[in-house]
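**Student:** Below is the structure, and that's it, no one-letter string:
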């Protein structure tokens with residue numbers, strides 16, 4: 001009986017994907033201007049991700065358009081684009097609803113954007129703590145991190161590297177082809 005329970009528990013662990021989820025994604029956060037939360041391991045385990053720190057009043061804010069295009073182009077191949085609203089560089093709306101209006105109405109973003117939180121330093125949210133430790137913290141808004149389906153942080157692109165960059169798109173094509 002003891003053996004059967006052990007085999008059952010091992011099977012459950014392997015099938016749940018819990019083993020494949022890295023610590024930095026083993027968290028739950030609230031979506032922007034919503035009561036809904038996302039548990040990153042439960043929702044995205046095994047999927048490649050493009051994670052971006054965002055702000056509504058930045059010169060790079062128009063990158064939302066290109067990020068939405070990447071989301072639409074690669075979502076059927078498993079890519080998850082997630083934005084993280086942040087005021088670390090003092091360019092995010094003070095009111096969360098105003099930030100949501102910029103994302104979801106002005107730029108028609110359909111990928112998830114998380115509630116405003118810190119993305120650098122001691123107060124960084126758990127996701128950006130992991131990204132920062134692995135590849136460096138953002139030095140400005142719209143830094144992009146590509147994470148493989150097994151949770152490895154593959155690359156960090158600065159703000160000036162737009163969503164239409166060949167280097168970023170090539171890496172996204174590579175990580176999404178690995179999941180097919």
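**Tutor:** Thanks, I have the structure now. Fair warning: this is a prediction, and the values are worked out from it, not measured in the lab.
**Student:** shaky segments in this protein?
**Tutor:** 1-20, 179-180 (pLDDT under 70).
**Student:** if we go to 80?
**Tutor:** Residue ranges of the chain with pLDDT under 80: 1-20, 178-180.
**Student:** Which parts of it are strands?
**Tutor:** 28-30, 37-39, 49-54, 80-85, 113-114, 144-147, 153-157 (DSSP state E).
**Student:** I'd like the distance from the third one to the chain centre, please.
**Tutor:** The chain centroid and the centroid of strand 49-54 are separated by 4 Å under C-alpha atoms, centre = their mean, to the nearest Å.
**Student:** what do you get for the last one?
**Tutor:** Using C-alpha atoms, centre = their mean, the mean C-alpha position of strand 153-157 is found 12 Å from that of the whole chain.
**Student:** which one of the strands of the chain is the most hemmed in?
**Tutor:** Comparing the strands of the chain by mean neighbour count (mean count of other C-beta atoms under 10 Å), strand 49-54 comes out on top with a mean of 26. C-beta coordinates here come from the backbone N, C-alpha and C atoms, glycine included.
**Student:** what packs against that strand?
**Tutor:** Judged by 3 or more C-beta pairs under 8 Å, 6 or more residues apart in numbering; DSSP states H and E, strand 49-54 is in contact with helix 63-74, strand 80-85, helix 126-135, strand 144-147.
**Student:** one more time with 6 Å
**Tutor:** strand 80-85, strand 144-147 (3 or more C-beta pairs under 6 Å, 6 or more residues apart in numbering; DSSP states H and E).
**Student:** Can you give the contact residues for stretch 122-132?
**Tutor:** 24, 27, 117, 118, 119, 145, 153 (C-beta atoms under 6 Å, 6 or more residues apart in numbering).
**Student:** Just send the strands of the chain back as a markdown table, with distance to residue 93 too.
**Tutor:** What follows is those, written out as a markdown table (distance: least, C-beta to C-beta, whole Å):
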| stretch | distance to residue 93 |
| --- | --- |
| strand 28-30 | 16 |
| strand 37-39 | 21 |
| strand 49-54 | 11 |
| strand 80-85 | 9 |
| strand 113-114 | 12 |
| strand 144-147 | 21 |
| strand 153-157 | 24 |
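**Student:** Compare the ones you listed and give me the one nearest residue 136.
**Tutor:** strand 153-157 (5.6 Å; C-beta to C-beta).
**Student:** I would like the residues contacting that closest one, please.
**Tutor:** 131, 134, 135, 136, 144, 145, 146, 147, 148, 168, 171.
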